[in-house]
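# Turn this into a structure:
(one chain, ligands or ions: 1)
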Amino acid sequence: MVFALDFANKCVVVTGGNRGIGYAFSRALAQAGASVAIIYRSSKDADDVAAKLGKEFGVQTKAYKCDVADADLVVSTLEKINNELGPITGVIANAGVSVVKPALELTSEDFSKVFNVNVLGVFNTARAAAKLWTNRKYEGGSIVITASMSSQIINQTAPNQALTQVFYNSSKAAVSNLTKGLAAEWASHKIRVNALSPGYVNTAQTSVMAKNIRDHQAKNLPLGRFAEPHEMSGQALLLLSDHASYMTGGEYFVDGGQLIW
Ligand code: NDP
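Numbering: from 1, shown residues only. Sure thing, here's the model as predicted:
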């Protein structure tokens, strides 16, 4: 077997695929020859982003507006994608949000905002794909869930001072475990489920951090800097590919060595 990440004749759905880390996934997949379905929530330029990628790499790309927290909408959107670009062979459940606030000030609405996207949205996306795959004759598919290194640790803004995002961190711990449960349940259907856990990545999500906090965090990383979104793509494409045929239920950290200490 030639070792290449070739996605010709593959169709991959990327939630939150129009910007940030998700866009890097969409771009790498298009470059590798996949048809790419980009799911977004409200960005105005998602259609243009998808069209531009398709033109650049000569593949089919299309943006689909869909709130991943809406289970029925996710099912109908994946069915539509399957008919228009499919058959779908892989999914990256990547859409995520954060609320950064001291725990004493967090509200039930904040909880719903974070968990409805980061946990329920991931579950809705993974299950909609699994339903499609188990309903057709050919079984199998690969699901990659974007978790975070904060599934394991609490980020610091200064020594002994936590970055205040306990709902976000606990939502990522939840999807880390969700990954294992889904992998165990769906292994018999030849559906693999893995989590990719980024460290700090330069996107809109991290751009809101104060400069002194960013500098402190970057300085404490073994690689001494935040990642660029494209540095997440290699691991995602590997997990989606047949080269990862014996990998399921794992959580893979792409974190500049942050978890070393
Ligand atoms: P961004 O904030 O840059 O982008 C978020 C993406 O998610 C957007 O495409 C947005 O769509 C989409 N989205 C948000 N809510 C919904 C929803 N309800 N339905 C559909 N799509 C939605 O995020 P990042 O690229 O920084 O993060 C991507 C993933 O990586 C997230 O899960 C995040 O938690 C995780 N992560 C990020 C890290 C970082 O340092 N940046 C570190 C570790 C993990 P729209 O544009 O329409 O709003």
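# And Leu196, its phi and psi?
phi -110, psi 120 (degrees, to the nearest 10).
# what do you get for Met247?
phi -110, psi 120.
# just Leu221 next, same as before
phi -80, psi 140.
# Same question for Ile191.
Per degrees, to the nearest 10, the backbone of Ile191 is at phi -100, psi 120.
# in the sheet, who's paired with it?
Going by DSSP bridges, Ile191 is paired in beta bridges with Gly141.
# Quick one: neighbours of it, just the number.
When counting by other C-beta atoms under 10 Å, one arrives at 22 neighbours for Ile191. To be clear about C-beta, it is placed using only N, CA and C from the backbone, and glycine gets the same treatment.
# residues contacting it?
Applying C-beta atoms under 8 Å, 6 or more residues apart in numbering, we find Ile191 in contact with Ala129, Ala130, Trp133, Thr134, Glu139, Gly140, Gly141, Ser142, Ile143, Leu182.
# swap in Gly20?
Gly20 makes contact with Val201, Thr203, Ala204, Gln205, Pro229, according to C-beta under 8 Å, 6+ apart.
# Which residue in the residues you listed has the weakest pLDDT?
Minimum pLDDT for these is recorded at Gln205 (86).
# so which helix or strand takes in that one?
Assigned by DSSP states H and E, Gln205 falls within helix 204-207.
# Okay, buried residues for the next helix or strand after that helix please.
For helix 204-207, the succeeding helix or strand toward the C-terminus, using DSSP H and E, is helix 211-219. Of the residues in helix 211-219, Ile213, Arg214, His216, Gln217 count as buried by neighbour count, 16 or more other C-beta atoms under 10 Å.
# which pair in those spans the largest distance?
Arg214 and His216 (7.3 Å; C-beta to C-beta).
# JSON lines please, covering the contacts of Ile191 and showing distance to Phe253.
Below are the contacts of Ile191 laid out as JSON lines (distance: C-beta to C-beta, whole Å):
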{"residue": "Ala129", "distance to Phe253": "24"}
{"residue": "Ala130", "distance to Phe253": "25"}
{"residue": "Trp133", "distance to Phe253": "27"}
{"residue": "Thr134", "distance to Phe253": "30"}
{"residue": "Glu139", "distance to Phe253": "29"}
{"residue": "Gly140", "distance to Phe253": "26"}
{"residue": "Gly141", "distance to Phe253": "23"}
{"residue": "Ser142", "distance to Phe253": "19"}
{"residue": "Ile143", "distance to Phe253": "18"}
{"residue": "Leu182", "distance to Phe253": "19"}
